[in-house]
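Colleague: Here is my input; please provide its structure:
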Amino acid sequence: MIFFVRQYPNPYGGKEKYLSRLIDLLQKEGKKHGLIESSIPRFFPSWLKIILFNIQVCLFKKGNFLFSLERISCPDIFRAGDGVHKHFVKIEEKSYLNPLHSLTIFFEKRSFFNSKKVIANSKMVKREILHYYDIPSEKVEVIYNGIDTKEYCSDRAKEDLSSHFPIAGKTIFLVVGSGFKRKGVKEFLLLLSKLNIEDYFGFVVGGDKNLDTYKKIALELGIEKNIAFTGKRKDIGKFYSISDFFILPSHYDPFSNAVLEAMINRNIVFTTEQNGAHEILEDGFIMNDSNDLSIIDLINKIIANKKLMDIYKQRNYEVAMNFTIENNLEQTFRLIQEIS
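Modeller: Alright, predicted model coming up:
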């Protein structure tokens, strides 16, 4: 019997959507399955929850097949959807004295070594795994994220959002994600402040505990009237539908699903080399890092040429259609069948 491991399911989470679709596929194939969630109270310290959850899962395993989305000691398949924490700690200069980071790396190593197969959602993540951990290359399968090609489209989006935001006749910019520092929201705001146009509006969709800090940055840059911080939204598809440009100056993302979501909605997309999703973009749309302002020239060029904008939008849509959730699930299911 196959059990999926997810510590604390999040109703807004992409992992939950991924799991639900994979479970639906297993049901159609008549495969028995279950879900293991944490029984550890959320108010426990994060480092302690990691230890106790590992104990819970590995005591439960016995003869069961575990497909884990979490770093645990006893997976059969480990999907490294969060990337390589050892690399994240390095680039973010986190302290190993923090037990959360040291324990996460400890269980990450055991996940890579003890699993039969590891799924990386980008070539970038596979390279990081092989760089930090001495495991065979053939053990790591790259399976790109997939997108539901119908889920994010919204016919009434412009009409609905125009009644709440001053967007009529404006070029719309969008960034999506919670954890604004890692997603590069500060750099997003700086980019917008450097544009050679006035008729634009930018949306920051997502949550952050330091929201007031980012509102202050927008104020200091003189663009506060051109920016809306919406918080987390269940109607996020509307924002993708009305946007022209999606810019994600991420500091680190294994593979941001938001890139695919933007592309399927015909956004022109820019992101960094530190986001695994850059692998599906053309070179001119890949930022060297979060502070790369060189893309401003291309943005201004596209805004000045409506025909060019339409060409790039359609091209992104066509690329995204190659990364469907059906393709992702087919590859994942095939891997499960091979080793279960």
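Colleague: Apart from its neighbours in sequence, what residue is nearest the residue positioned nearest the centre of the chain?
Modeller: The residue lying closest to the centre of the chain (CA atoms, centre = their mean) is Ser256, at 2.8 Å. In space, and not counting its chain neighbours, Ser256 is closest to Ala277: 4.9 Å by CB to CB, 6 or more residues apart in numbering. For every residue, glycine as well, the C-beta is placed using N, CA and C.
Colleague: which residue ranges form the strands in the stretch 201-340 of the chain?
Modeller: 227-231, 245-248, 268-272, 286-287 (DSSP state E, counting those that start in this stretch).
Colleague: so which of these comes closest to Gly146?
Modeller: strand 268-272 (16.7 Å; CB to CB).
Colleague: Can you list the strands that the closest one pairs with?
Modeller: strand 245-248 (parallel), strand 286-287 (parallel) (DSSP bridges).
Colleague: now the strand or helix carrying Leu174 and strand 268-272, what's the angle there?
Modeller: Under the criterion of DSSP states H and E, Leu174 resides in strand 171-176. Angle, strand 171-176 to strand 268-272, by axes from the mean of the first three to the mean of the last three CA atoms, to 10 degrees: 40 degrees.
Colleague: which residues make contact with strand 171-176 from outside it?
Modeller: Strand 171-176 is contacted from outside by 183-185, 188, 192, 197, 199-206, 236, 239-240, 242-249, 258, 261-262, 267, 303, using CB atoms under 8 Å, 6 or more residues apart in numbering.
Colleague: Out of the strands paired with strand 268-272, which is the most enclosed?
Modeller: Most buried of the strands paired with strand 268-272, by mean neighbour count (mean count of other CB atoms under 10 Å): strand 245-248, with a mean of 26.
Colleague: Lys306 - how many residues pack around it?
Modeller: 9 (other CB atoms under 10 Å).
Colleague: still on that earlier bit, mean pLDDT and distance to Lys94 added to the strands of the stretch 201-340 of the chain, as CSV?
Modeller: CSV is the format used below for those (pLDDT from 0 to 100; distance: least, CB to CB, whole Å):
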stretch, mean pLDDT, distance to Lys94
strand 227-231, 96, 26
strand 245-248, 98, 22
strand 268-272, 98, 19
strand 286-287, 98, 23
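Colleague: Just send the ones you listed back as JSON lines, with distance to Phe78 too.
Modeller: What follows is those, written out as JSON lines (distance: least, CB to CB, whole Å):
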{"stretch": "strand 227-231", "distance to Phe78": "32"}
{"stretch": "strand 245-248", "distance to Phe78": "26"}
{"stretch": "strand 268-272", "distance to Phe78": "25"}
{"stretch": "strand 286-287", "distance to Phe78": "28"}
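Colleague: which residues sit against the lowest-mean-pLDDT helix or strand in the chain?
Modeller: Lowest by mean pLDDT, DSSP states H and E among the helices and strands of the chain is helix 14-28, with a mean of 76. If you take CB under 8 Å, 6+ apart as the criterion, helix 14-28 is touched by 2, 4, 6, 9-10, 33, 35, 69, 81, 145, 148, 257, 325, 328-329, 332-333.
Colleague: what distance separates the start and the end of stretch 59-74?
Modeller: End-to-end distance of stretch 59-74: 10 Å, with CA to CA, to the nearest Å as the criterion.
Colleague: To clarify, my last question referred to stretch 34-53.
Modeller: End-to-end distance of stretch 34-53 (CA to CA): 17 Å.
Colleague: Please apply the same query to stretch 64-71.
Modeller: End-to-end for stretch 64-71, by CA to CA: 17 Å.
Colleague: Show residues contacting that stretch.
Modeller: Applying CB under 8 Å, 6+ apart, the contact partners of stretch 64-71 are 1-7, 15, 19, 36, 50, 53, 57, 72, 74-79, 81, 85, 104, 107-108, 110-111, 115, 336, 340.
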